[in-house]
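Asker: with the input below, show me the fold.
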Amino acid sequence: MKGETEIREETQASSETMEKQKESQPKEGKGKRLWKKVKYQLVEYHSLPGYLRDNEFIVGHYRSEWPLKQILISVFTIHNETLNVWTHLIGFFLFLALTIYTAKMVPGMDLHSLQHRIPDVLRKADLHKLHSDLVTCLPSLPHMPDLHRLRHDLKTSLPSGRHVMELLYNCLPERFSHGNYTDMCVLHSVKEDLVNIIAPLLARPITRWPFFAFLGGAMFCLLASSTCHLFSCHSERISYIMLRLDYAGIAALISTSFYPPVYYSFMCDPFFCNLYLGFITILGIATVLFSLLPVFQNPEFRTIRASLFFGMGLSGVAPILHKLVLFWDQPVALHTTGYEVLMGLLYGIGALVYATRIPERWMPGKFDIAGHSHQLFHVLVVAGAYTHYRAGLVYLKWRDLEGC
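Answerer: Numbers count the residues shown, from 1 in each chain. The predicted structure follows:
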């Protein structure tokens with residue numbers, strides 16, 4: 001049997017061993033936490049893998065190959081992509097709100113709209129012929145039902161067009177037993193003249209699909225861009241997918257931006273309407289397909305990428321000039337063209353800033369967090385898209401009141 005001294009020594013040795021194990025465990029936990037903290041620190045440009053190297057003038061504050069959890073948390077932290085994410089994410093919610101607002105504001109032909117439209121309609125109508133027909137017809141129909149009511153409503157109720165239309169058919173029948181053949185012919189002519197005057201006043205609001213196509217393209221572009229800047233640092237495969245999504249969004253925005261001006265300018269001329277819409281749609285699809293090529297992603301193709309999208313925008317010059325020729329005498333043509341020129345300037349300046357990498361190329365490292373070219377490009381894109389939205393509202397109001 002072991003002596004008391006030996007038992008005491010064994011107990012003391014085991015206690016020391018347990019204490020050493022306890023001390024080693026916290027140290028190991030602290031080491032793991034420290035490694036994680038170091039691992040997810042922002043790095044500089046020279047530490048990036050090749051697929052994340054795009055702009056050497058942005059020196060630091062990069063995220064590199066982070067897991068999805070850390071990437072999602074980084075939405076609310078500061079790095080060189082923070083403002084790239086939020087500028088277009090806020091823009092997405094702005095256009096989502098504008099889409100909902102526009103969907104709820106589809107106008108009816110209310111009295112206020114009719115009062116603004118009546119002078120144009122009456123100016124185009126052959127009022128001398130209508131007056132002659134009424135003078136010839138109405139006195140020869142003394143027994144016509146509601147004759148006095150018709151005369152009164154024609155004088156006082158023209159803005160309430162539907163009511164007058166009903167009176168035309170209730171009070172001016174196609175055949176009348178007390179009139180002769182001549183009276184019936186004149187009566188039919190009166191009826192046609194009044195319908196030609198009132199029918200335009202009752203036109204339904206023009207279709208909205210081109211306008212909503214533009215809003216959808218804008219939202220897709222802004223959301224795709226924000227998603228790309230957030231997740232591209234995860235891995236090379238995710239970066240490849242996100243960049244293609246971003247290019248597709250840019251092409252969608254530019255293509256759908258042409259839909260409202262082309263459709264509403266040439267809706268009465270289907271040939272040119274389909275020609276311009278088809279051309280810009282095919283050009284947009286071709287741009288998306290070209291952007292799928294791996295070489296399109298390389299930094300040396302930055303200028304080519306910007307030039308391609310800039311060329312898409314320039315293709316809109318032809319329909320705008322055509323519109324000015326067709327509607328040179330209407331103020332709405334100049335009004336919408338002013339918006340479109342401003343939109344083109346904003347997009348063009350944005351593309352130029354993006355391609356030249358100004359201002360960070362002048363002071364590398366000074367604009368890593370805020371103020372570099374891609375952030376300015378994002379702000380200009382949102383401003384240009386909103387300018388185009390304002391132009392779209394003018395087109396809708398014009399065609400709602402004028403029709404073809």
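
Asker: with adjacent residues omitted, what lies nearest to H322?
Answerer: F272 (6.9 Å; C-beta to C-beta, 6 or more residues apart in numbering). (C-beta placed from N, C-alpha, C; glycine too.)

Asker: can you list the neighbours in contact with the host helix or strand of that neighbour?
Answerer: F272 belongs to helix 270-291 when elements are defined using DSSP states H and E. Counting by C-beta atoms under 8 Å, 6 or more residues apart in numbering, helix 270-291 makes contact with 244, 247-248, 251-252, 254-255, 258-259, 262-263, 266-267, 296, 305, 308-309, 312, 315-316, 318-319, 322, all of which sit outside it.

Asker: export it as CSV, just CAs?
Answerer: Provided in CSV are the C-alpha atoms of helix 270-291 (Å, rounded to 0.1, in the frame of the first residue of the first chain):
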residue,chain,number,x,y,z
PRO,A,270,-46.0,51.8,-85.7
PHE,A,271,-43.2,51.4,-88.2
PHE,A,272,-40.7,53.8,-86.5
CYS,A,273,-41.9,52.8,-83.1
ASN,A,274,-41.1,49.1,-83.7
LEU,A,275,-37.9,50.0,-85.5
TYR,A,276,-36.4,52.0,-82.7
LEU,A,277,-37.6,49.7,-79.9
GLY,A,278,-36.4,46.7,-81.7
PHE,A,279,-33.0,48.2,-82.4
ILE,A,280,-32.3,49.2,-78.8
THR,A,281,-33.6,45.9,-77.5
ILE,A,282,-31.3,43.9,-79.8
LEU,A,283,-28.4,46.2,-78.9
GLY,A,284,-29.0,45.7,-75.2
ILE,A,285,-29.1,41.9,-75.6
ALA,A,286,-25.9,41.9,-77.6
THR,A,287,-24.2,44.0,-74.9
VAL,A,288,-25.3,41.5,-72.2
LEU,A,289,-24.0,38.6,-74.3
PHE,A,290,-20.7,40.4,-74.9
SER,A,291,-20.3,41.1,-71.2
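
Asker: could you list the low-pLDDT ranges of the stretch 301-404 of the chain?
Answerer: By pLDDT under 70, the low-scoring segments of the stretch 301-404 of the chain are 302.

Asker: and the contacts of helix 270-291, which of them are in helices?
Answerer: Among those, the members falling in helices (DSSP state H) are 244, 247-248, 251-252, 254-255, 259, 262-263, 266, 305, 308-309, 312, 318-319, 322.

Asker: show me just the buried residues among those residues.
Answerer: Buried subset of the ones in helices among the contacts of helix 270-291 (neighbour count, 16 or more other C-beta atoms under 10 Å): 244, 247-248, 251-252, 254-255, 259, 262-263, 266, 305, 308-309, 312, 319, 322.

Asker: for E236, see how far away L293 is.
Answerer: From L293 across to E236, the span is 16 Å (C-beta to C-beta, to the nearest Å).

Asker: could you do L72 as well?
Answerer: 19 Å.

Asker: one step back: pLDDT on the helix holding F272, on average?
Answerer: In this model, helix 270-291 carries a mean pLDDT of 88.

Asker: that one: which residues count as buried?
Answerer: Quick answer for helix 270-291 (16+ other C-beta under 10 Å): F272, C273, Y276, L277, I280, L283, G284, T287, V288, S291.

Asker: in TSV, list those residues along with distance to G344.
Answerer: Output for the buried residues of helix 270-291, formatted as TSV (distance: C-beta to C-beta, whole Å):
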residue	distance to G344
F272	20
C273	21
Y276	16
L277	19
I280	14
L283	16
G284	17
T287	17
V288	21
S291	22
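
Asker: what is the nearest of those residues to L223?
Answerer: For these, the residue nearest L223 by C-beta to C-beta is V288; the value is 16.2 Å.

Asker: specify the beta-bridge partners of Y62.
Answerer: V43 (DSSP bridges).

Asker: wait, it touches L48, no?
Answerer: Yes: the criterion here is C-beta atoms under 8 Å, and Y62 meets it with L48 at 5.7 Å.

Asker: look at those two and report which has more neighbours.
Answerer: Ranked by neighbour count (other C-beta atoms under 10 Å), Y62 and L48 place Y62 first, with 19 against 16.

Asker: check what pLDDT that one gets.
Answerer: As predicted, Y62 sits at a pLDDT of 97.

Asker: what residues are up against it?
Answerer: Here Y62 is in contact with L42, V43, E44, Y45, S47, L48, L52, H79, N80, C233 (C-beta under 8 Å, 6+ apart).

Asker: buried subset of these as a PyMOL selection?
Answerer: The buried residues among those can be selected in PyMOL (16+ other C-beta under 10 Å) with this line:
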select buried, resi 42+45+48+52+79+80+233
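
Asker: including pLDDT, could the contacts of Y62 go into TSV?
Answerer: Output for those, formatted as TSV (pLDDT from 0 to 100):
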residue	pLDDT
L42	93
V43	94
E44	95
Y45	95
S47	93
L48	95
L52	93
H79	96
N80	95
C233	95
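
Asker: and the contacts of Y62 as JSON lines, adding distance to A333?
Answerer: As requested, the contacts of Y62 are arranged in JSON lines below (distance: C-beta to C-beta, whole Å):
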{"residue": "L42", "distance to A333": "52"}
{"residue": "V43", "distance to A333": "54"}
{"residue": "E44", "distance to A333": "53"}
{"residue": "Y45", "distance to A333": "49"}
{"residue": "S47", "distance to A333": "55"}
{"residue": "L48", "distance to A333": "50"}
{"residue": "L52", "distance to A333": "47"}
{"residue": "H79", "distance to A333": "47"}
{"residue": "N80", "distance to A333": "44"}
{"residue": "C233", "distance to A333": "47"}
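
Asker: list the contacts of stretch 207-227.
Answerer: Identification of contacts with stretch 207-227 by C-beta under 8 Å, 6+ apart yields 84-86, 88-89, 91-92, 95-96, 98-99, 102-103, 106, 242, 245-246, 248-250, 252-253, 255-257, 259-260, 262-264, 378, 381-382, 385, 388-389, 392, 395-396.
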